[in-house]
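Q: What shape does this take:
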Amino acid sequence: MSQNKLFTGLLVGAAVGVIISLFDRNTRQDVVQKSKSLSDNVSYYAKNREELVSRVQQQTEKVQNLYARVSEDASYVGEKVNQLKELTPQVKDMALETKDAFTETKDAVMESKDDVVAAVKEENPDPESPLLDNETDGQGAGKNS
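A: Below you'll find the predicted structure:
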């Protein structure tokens, strides 16, 4: 019952919309012109049915060709999506491996830094003393005696 009311309401609304739009002179002229053109086309194709059949066949071929191209494109896109699905975990694994390698390198650099700092502190407890032995005896390149 509600569908019947809905359909009736749509028809009434459409009819009211058409009537209101026809109040505009340009719209009326456009409707009359297109109606005449439609009438002329119908009468022409009624007399020339072979041409109508030919045009319908041409349009059918165009639609079939378009459908074939769209199908090919859809297949291609589907293949690429599947390849991407397969590739994504590999890229993720590579990124994680690279991150781990950088983390290990950073840890090794930090350990080396700590070892160097510890070695410097053990050999040179005085922060004012030079780091190289040749500078301690007064003949270093940095001293002018």
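Q: From here on, just use CA atoms for contacts and neighbour counts.
A: Will do.
Q: my guess is Leu52 meets Ser43, correct?
A: No. Using CA atoms under 8 Å, Leu52 makes no contact with Ser43, being 11.3 Å away.
Q: the more surrounded of these two?
A: Leu52 (15 against 11; other CA atoms under 10 Å).
Q: tell me the contacts of that one?
A: Shown in contact with Leu52 (CA atoms under 8 Å, 6 or more residues apart in numbering): Tyr45.
Q: So what does it look like in phi/psi?
A: Backbone torsions for Leu52, taken as degrees, to the nearest 10, come to phi -60, psi -50.
Q: For Ser112, report the pLDDT, please.
A: Per-residue pLDDT puts Ser112 at 86.
Q: so it is in which element?
A: helix 49-123 (DSSP states H and E).
Q: List the residue ranges of the protein that fall below the pLDDT cut-off.
A: 1-3, 122-145 (pLDDT under 70).
Q: how many other residues sit next to Pro89?
A: 11.
Q: any idea how far Ala95 is from it?
A: Pro89 sits at a distance of 10 Å from Ala95 (criterion: CA to CA, to the nearest Å).
Q: Give me the common contacts of these two.
A: If you check Pro89 and Ala95 against CA under 8 Å, 6+ apart, no residue is contacted by both.
Q: circling back to that earlier point, please state the offset of the helix holding Ser112 from the chain centre?
A: When distances are taken as CA atoms, centre = their mean, to the nearest Å, helix 49-123 is centred 12 Å away from the chain's centroid.
Q: Great, nothing more from me.
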